[in-house]
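In: Have a look at this fold, sequence not included:
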């Protein structure tokens, strides 16, 4: 078997184990909202939100850095 398939199977098994161990319903409270969901789903949701925020902020910092470097080149020319 190919290494990618083996690694994918191992990761899929670990994800399944994680979900099975975290099926307990948790309450998420913020101000006057209350949301009940499984612990695994809550952690995956937090991970997805973190990845999206990191991706957006990384793009924002790259644009700012590129824009700043372009100004420096304009000044030196």
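Out: Noted; the coordinates are in hand. Everything numeric here is computed off the predicted structure, so don't read it as measured data. Numbering: from 1, shown residues only.

In: Give me the below-cutoff pLDDT ranges for this protein.
Out: 63-77 (pLDDT under 70).

In: any idea which element the residue positioned nearest the centre of it lies in?
Out: Residue closest to the mean C-alpha point of the chain, counted by C-alpha atoms, centre = their mean, is residue 51 at 2.4 Å. Applying DSSP states H and E as the criterion places residue 51 in helix 39-76.

In: ditto for residue 37
Out: Residue 37 belongs to strand 33-38, assigned by DSSP H and E.

In: In its sheet, which strands sit next to that strand, and in what direction?
Out: Strand 33-38 pairs in its sheet with strand 25-30 (antiparallel), by DSSP bridges.

In: What are the contacting residues of the partner strand?
Out: The contact list for strand 25-30 (C-beta atoms under 8 Å, 6 or more residues apart in numbering) reads 34, 35, 36, 37, 38, 39, 42. (Each C-beta comes from the backbone N, C-alpha and C, glycine too.)

In: Name the member of the residues you listed with the most neighbours.
Out: residue 42 (17 neighbours; other C-beta atoms under 10 Å).

In: Just give the closest residue to that residue, not the sequence neighbours.
Out: residue 26 (5.7 Å; C-beta to C-beta, 6 or more residues apart in numbering).
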